[in-house]
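[1] Okay, predicted coordinates and the sequence, questions at the end:
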Amino acid sequence: MTRKYFGTDGIRGRVGEGNVTPDFALKLGWATGRVLGGGQGGKVLIGKDTRISGYMFESALEAGLVAAGMDIRLLGPMPTPAIAYLTRTLRGVAGIVISASHNPYEDNGLKFFSADGDKLSDEIELAIECEFDRPLQTVGPAQLGKVKRMYDARGRYIEFCKSTIPATMSFRGLKLVVDCANGATYHVAPDVFEELGARVVPIGDEPDGFNINRKVGSTSPDALMESVVREGADLGVAFDGDGDRVLMVDGGGNLIDGNRLLYIIAKSRLGQQCLRGEVVGTLMSNLGLEHALQRLGVGFVRTQVGDRYVMERLKRDDGILGGEPSGHIICRDRTSTGDGIVVALQILAVMEDTGRDLGNLAGEMQQYPQRLINIRLDGQRDILGLPEVRDAVGSAERELDEYGRVLLRLSGTEPLIRIRVEGVDEAQVDSIADRLADMVRARMAG
């Protein structure tokens, strides 16, 4: 069966439109409680990022879950990986995150975690969708769920993050700029690094409900790059709105993306003889990462775009490390989902162990030139399925030969066609990308 409501990462869209409405959230909360509670009740944790609409969806979910007989723990604004961790440690039956991740404040969404802190399986999501289509029936008054606010969630999660590096390690002497994207990490990430000894300059740490991801964070790293240089910092760290992604900036103000962060951690784990299985990337991972890992003798495999698919492959092969260029990196030997703070700590730990700075570590991997062009969809026409589009992609791939790649795909989170071209010659990459974009626009107009 095909899922009707759930996408690759829960449910997401513009607030007030489609399935991103309070009445939908209420019914979804009820359906989730019915499926995961199984008539026996249980505890569900709810966290959110800093969007103004989070209050509305929190209340709606609360009503639906209580009507299904589920108890609730409200965590308030917390990073997505914190909800995964706390769901597992508090023995909840599920965790729900109200967030649209790196999207602007006008969007919102719902992400779900199982009792193990993993994304829900396809089977569970289908069961919830089937229950959703039934009439809502409230349990009896004596079986209604109870709601409590959890006031120590922040402290618990900070201690967990610190536990992912050696207890004796200190970052004393390091100056960091930490960009919280005016999102869920604003009251967590600076404290994590300060408690470990670093001197922290926070930016993007004043959320007002409307400024999440606005000209700050991992999707807009210019502010961090400028701040690192201006402050004379050793490096910078940028999270996205819900804290499951991270990008970094070296002391020279150069951006270090997820490809290079993944490489640094993989090489370190290999040196410690604790790298298990192949490193997992996606169709968007830079070819330079694949070649750099091959030189280390480390296997590399690609999945569809999305951390869901990266995690599925890691579990299937019992691997521990995978991720995406966006900075959504999974260290399964540390946590159950992508966690920006934990990943940043792993990089700082490598710096401390080796005595090398971030730019030096990242410089070991050659990043091949890439060009990404996003084209907004104005309808549902299957442009990518047209024979002339497929032929154009094939021709471009032959032109690039084995030292380049072409990827055309529909975004899983926005109404966009994404065109990505990479190769060793930047001028050739730009030419091919522009040619493909012009051809796609022409077919859309026709």
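    Thanks, I have the structure now.

[2] start to end distance for stretch 167-179?
    25 Å (Cα to Cα, to the nearest Å).

[3] Run the chain-centre distance for it.
    Mean-position distance between stretch 167-179 and its chain equals 23 Å (Cα atoms, centre = their mean, to the nearest Å).

[4] what do you get for stretch 332-342?
    Worked out by Cα atoms, centre = their mean, stretch 332-342 lies 11 Å from the chain centre.

[5] Sketch out the low-pLDDT regions of this protein for me.
    1, 379-382, 413, 446 (pLDDT under 70).

[6] got a list of contacts for the helix ranked longest in it?
    In terms of residue count, the longest helix belonging to the chain (DSSP state H) is helix 426-445. Helix 426-445 has contacts (Cβ atoms under 8 Å, 6 or more residues apart in numbering) with 369-373, 375, 377-379, 381, 383, 386, 388-389, 392-393, 396, 399-400, 404, 406, 408, 417, 419-423. The C-beta positions use only the backbone N, C-alpha and C, and glycine is treated the same way.

[7] Stretch 392-409 too?
    283-284, 287, 305, 368, 384, 389, 417-424, 428-429, 432, 435-436, 439-440.

[8] let's see it at 7 Å
    283-284, 287, 305, 384, 417-424, 432, 436, 439 (Cβ atoms under 7 Å, 6 or more residues apart in numbering).

[9] Any idea how far it is from the middle of the chain?
    27 Å.

[10] ok, and for that stretch, which residues are buried?
    Within stretch 392-409, the residues that count as buried by 16 or more other Cβ atoms under 10 Å are A392, V393, A396, E397, L400, G404, R405, V406, L407, L408.

[11] The last one: which element?
    Of the helices and strands defined by DSSP states H and E, L408 is found in strand 405-410.

[12] what do you get for the second one?
    Counting by DSSP H and E, the element that carries V393 is helix 387-400.

[13] Just want the angle from that helix to helix 426-445.
    Using axes from the mean of the first three to the mean of the last three Cα atoms, to 10 degrees, one finds that helix 387-400 and helix 426-445 are set 180 degrees apart in direction.

[14] Of the contacts of stretch 392-409 - the most surrounded one?
    V421 (28 neighbours; other Cβ atoms under 10 Å).

[15] Run a quick neighbour tally on the residue nearest to that residue when sequence neighbours are not counted.
    Closest residue in space to V421, ignoring its immediate chain neighbours: A433 at 4.2 Å, by Cβ to Cβ, 6 or more residues apart in numbering. Applying other Cβ under 10 Å, we find 21 residues neighbouring A433.

[16] same question, R154
    Applying other Cβ under 10 Å, we find 18 residues neighbouring R154.

[17] Do you have the strands of the stretch 101-250 of the chain handy? List them.
    Here the stretch 101-250 of the chain has its strands, by DSSP state E, counting those that start in this stretch, at 107-113, 147-149, 175-179, 199-203, 235-239, 246-250.

[18] Show me where the stretch 201-350 of the chain has its helices.
    Using DSSP state H, counting those that start in this stretch, the helices found in the stretch 201-350 of the chain span residues 222-231, 258-271, 287-296, 307-317, 340-354.

[19] CA-only coordinates of stretch 109-120, as CSV, when you get a sec.
    Taking C-alpha atoms only, stretch 109-120 is exported to CSV below (Å, rounded to 0.1, in the frame of the first residue of the first chain):
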residue,chain,number,x,y,z
GLY,A,109,5.1,19.5,10.2
LEU,A,110,5.0,16.4,12.4
LYS,A,111,7.8,13.8,12.8
PHE,A,112,7.4,10.6,14.7
PHE,A,113,9.7,8.4,16.7
SER,A,114,9.1,4.8,17.9
ALA,A,115,9.8,3.6,21.4
ASP,A,116,13.4,2.8,20.3
GLY,A,117,14.0,6.4,19.2
ASP,A,118,13.9,5.4,15.5
LYS,A,119,11.6,6.7,12.7
LEU,A,120,8.3,4.8,12.5
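
[20] Now do the buried residues in it.
    So stretch 109-120, judged by 16+ other Cβ under 10 Å, has buried residues G109, L110, K111, F112, F113, S114, A115, G117, D118, K119, L120.

[21] hey, what's the second one bridged with?
    Beta bridges link L110 to I11, I98 when assigned by DSSP bridges.

[22] List the ones among the contacts of stretch 392-409 that fall in strands.
    Assigned to strands by DSSP state E, the following of these qualify: I417, R418, I419, R420, V421, E422.

[23] Show me the beta-bridge partners of the first one.
    The reference is to I417. Per DSSP bridges, the residues bridged to I417 are I375, L410.

[24] dump the residue contacts of it.
    I375, L377, I383, L384, L408, L410, V440.

[25] try the fifth one
    Listed by Cβ under 7 Å, 6+ apart, the contact partners of V421 are Q370, R371, A396, V406, V429, I432, A433.

[26] Pick out the most distant pair among the residues you listed.
    Spatial extent of the contacts of V421 (Cβ to Cβ) is set by the pair Q370 and A396 at 13.7 Å.

[27] circling back: as JSON lines, the helices of the stretch 201-350 of the chain with distance to V147 would be great.
    Converted to JSON lines, the helices of the stretch 201-350 of the chain look like this (distance: least, Cβ to Cβ, whole Å):
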{"stretch": "helix 222-231", "distance to V147": "38"}
{"stretch": "helix 258-271", "distance to V147": "37"}
{"stretch": "helix 287-296", "distance to V147": "45"}
{"stretch": "helix 307-317", "distance to V147": "29"}
{"stretch": "helix 340-354", "distance to V147": "28"}
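
[28] closest to G69 out of those helices?
    Comparing the helices of the stretch 201-350 of the chain under Cβ to Cβ, the one sitting nearest is helix 307-317, at 28.9 Å.

[29] So for that closest one, what gets flagged as buried?
    D307, R308, Y309, V310, M311, E312, R313, L314.

[30] name the helices or strands packed onto it?
    Helix 307-317 sits against strand 279-282, strand 300-303, strand 321-323, strand 329-331, with contacts defined as 3 or more Cβ pairs under 7 Å, 6 or more residues apart in numbering; DSSP states H and E.
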